[in-house]
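Trainee: For reference, the sequence and a predicted model appear below.
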Amino acid sequence: MIKFITVLFFLGCFQLSAQEKIDHLLFIKKLKTYELDSIPYYLESYDEEPKKSLIMYEYNYQKYGDLSTDFLDNEKFEDLDLIDSILFHNYLGDYYARKPIKEYDKSFSNHLKALKFSKSFKDTLLINESLRRVMSYFIINNADSLVFKKYLMEMKNYVKDSTDRFWQIYYNAHYTSSFDKRLKKKLDSVENQLEGFKDVYKKHPYFYGLINQRIGIFHGLHSENNIKARKAFEEASKAYEDSSNFYSYSRKFRTDMSLAITDYKEQKYDNAVREFHKALKNKHIKNEFRIKMFVYDWLSKIYDETQVIDSSNYYLKLKDITKDSLAQYELASKIYEIDKAFDTEEQVQKNEQLTQQNMDLKTRFYSLIPLLSILLLLALVFFYFYRRYKKRSEELSEEKSETIKKIDELKNIIIKNHIVLKDKTKVYIADLMYIKSDDHYLNIFTSDAKSHFVRGKLKQIKEELPPNFIQCHRSYVVNANFIKQVNKDSLTLISKDSIPLSRSYKDKF
């Protein structure tokens, strides 16, 4: 009987251990194949941290495009085991590649760390996930062909399933079109390999879109077969439209741009212009300065080709303005990083050390001068050092104040472009007209005539907003950019809405 109970005990322990391993591998496999819908269900019964938080971060981005940075500073990630480290560096690398101002060097560095840890752990699934991310760097940057080929060969060695095989073929297709001098001989072979995956992923819209998009790129760039290119791009666009993956939005956008370029090549200029104008209205490129520059450049080229010089110059000018905005955004981002890295407390400690050094000087001076013999000289020297110490302290105090002032000025350069409400709705600050407090709830009114009713306090949401949001009444905060007229006891907005203006807040306008 005791032996039977002992066997049951060890079997139970083994099952628990196996379940723990299955759990985190299950999530990684689902994220790998973009099977997102069941992940929240499984996460409810999964309480292992920090894996759960890391997986939830990646799920929220793939599903909703939520580029949260909470996991970067979370205390959960201070002491990581090997699997946690792999996930952490892979997702951190993804974050640097996804943010509005891309930092591909940091992205590549983190993905390489994850790959190194994966190899030491000898887990093929984690190795493939890390390798795929490393390869994405070469897709974006067309970096050194020898390094690209090195990781491509590694990827081939670790293929274990159809998804791994697909990515290996996908990246090989990009390498062939970018670097292989025998392109004409290999083109048909690569296209056939991609075509072979169509049946496999016919019911998986995102992968089906990737296959057709890559085939379209082949024909658009190399075979110059616009008919085949258009057919592939149209299939890709439709597939992305049917996909619920957040990646599909940007993929569809880029595919539609390829279709517009195909129209341009076929001299269907009106169709191309219409598609590019439609692209500019896409909310997903609101802060994508490089994509906007790309669209403006093409519009300028089309209008120049059709001899509409004014329009051509107009979009060329918009391209230059966007380029300047990008430069300012990058500068602001760098300033923010500098500010974040700048340790004010360390500066204060240095000031205290300097003050202590002055005190030590004074003490040593006292010990060197015989008090009885040169009392007068000691008094003069003491007075001198005292004045010097006081002056230095004042200088340090002024330097400290100036440093804090500059930091505050730099912080004001960084302007949030949106806020996230408690119901997870993203509201762009440029569109936000005013906020009305209603007991424990807030009415959010935007320029597109939409409103959001969420739980919250006016004081809390005001702290998230830039200085152009001014309180005009105990229940109202208004965006100064939308004020048309200031009246005696009210404000008239551009939208003709009338907002009450209290006497106690009138001096702000």
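Mentor: Perfect, thanks for sending it. Note that the structure is predicted; figures quoted are calculated from it, not measured.

Trainee: Is Trp167 in contact with Lys156, as I believe?
Mentor: No - in this structure, Trp167 is not within contact of Lys156 by Cβ atoms under 8 Å, at 10.5 Å. (C-beta placed from N, C-alpha, C; glycine too.)

Trainee: And those two? Which one has more around it.
Mentor: Taking other Cβ atoms under 10 Å, Trp167 and Lys156 do not tie; Trp167 has more neighbours (21 against 15).

Trainee: Show me what counts as buried in the strand or helix carrying the more buried one.
Mentor: Per DSSP states H and E, Trp167 falls inside helix 162-179. For helix 162-179, a neighbour-count test (16 or more other Cβ atoms under 10 Å) marks 163-177 as buried.

Trainee: With stretch 80-100 instead?
Mentor: 80, 83-97.

Trainee: how much distance is there from whichever strand or helix holds Leu43 to the middle of the chain?
Mentor: When elements are assigned from DSSP H and E, Leu43 belongs to helix 39-44. On the basis of Cα atoms, centre = their mean, to the nearest Å, helix 39-44 sits 24 Å off its chain's mean C-alpha point.

Trainee: what sits up against it?
Mentor: Contact with helix 39-44 is made by 23, 26-27, 30-31, 52, 55-56, 59, as judged by Cβ atoms under 8 Å, 6 or more residues apart in numbering.

Trainee: show me where the stretch 151-300 of the chain has helices.
Mentor: 162-179, 183-196, 205-218, 226-242, 247-265, 269-280, 289-305 (DSSP state H, counting those that start in this stretch).

Trainee: The shortest one vs helix 247-265, what angle?
Mentor: An angle of 160 degrees separates the directions of helix 269-280 and helix 247-265 when computed by axes from the mean of the first three to the mean of the last three Cα atoms, to 10 degrees.

Trainee: Same question for the last one.
Mentor: For helix 289-305 against helix 247-265, the angle by the same axes, to 10 degrees is 20 degrees.

Trainee: Please apply the same query to the third one.
Mentor: Angle of helix 205-218 versus helix 247-265, following the same axes, to 10 degrees, is 30 degrees.

Trainee: ok, now the first one?
Mentor: Using the same axes, to 10 degrees, the interaxial angle of helix 162-179 with respect to helix 247-265 works out to 30 degrees.

Trainee: which other residues reach helix 162-179?
Mentor: Helix 162-179 is contacted from outside by 32-33, 128, 132, 135, 138-139, 142, 145, 148-149, 152, 155-156, 158-159, 183, 186-187, 190, 193-194, 197, 200-201, 207, 210-211, 214, 217-218, 221-222, using Cβ under 8 Å, 6+ apart.

Trainee: same question for that helix, mean pLDDT?
Mentor: Computed over helix 162-179, the mean pLDDT rounds to 86.

Trainee: repeat for the last one
Mentor: If you average the pLDDT over helix 289-305, you get 86.

Trainee: Can you list the helices and strands that that helix packs against?
Mentor: Applying 3 or more Cβ pairs under 8 Å, 6 or more residues apart in numbering; DSSP states H and E, we find helix 289-305 packed against helix 247-265, helix 269-280, helix 309-341.

Trainee: and if you look at the fifth one?
Mentor: Helices and strands touching helix 247-265, as assessed by 3+ Cβ pairs under 8 Å, 6+ apart, comprise helix 205-218, helix 226-242, helix 269-280, helix 289-305.

Trainee: For the stretch 251-400 of the chain, give me the ranges with low pLDDT.
Mentor: For the stretch 251-400 of the chain, the stretches with pLDDT under 70 are 284, 286-287, 325-375, 378-379, 381, 396, 399-400.

Trainee: do the stretch 101-250 of the chain as well
Mentor: 142-143, 180-188.

Trainee: Which members of the contacts of helix 162-179 are classed as buried?
Mentor: 32, 128, 132, 135, 138, 148, 152, 155, 158-159, 186-187, 190, 193-194, 197, 201, 207, 210-211, 214, 217-218.

Trainee: any chance of the helices and strands packed on helix 289-305 in a markdown table, plus distance to Ala239?
Mentor: Shown next, in a markdown table, are the helices and strands packed on helix 289-305 (distance: least, Cβ to Cβ, whole Å):
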| stretch | distance to Ala239 |
| --- | --- |
| helix 247-265 | 8 |
| helix 269-280 | 18 |
| helix 309-341 | 30 |
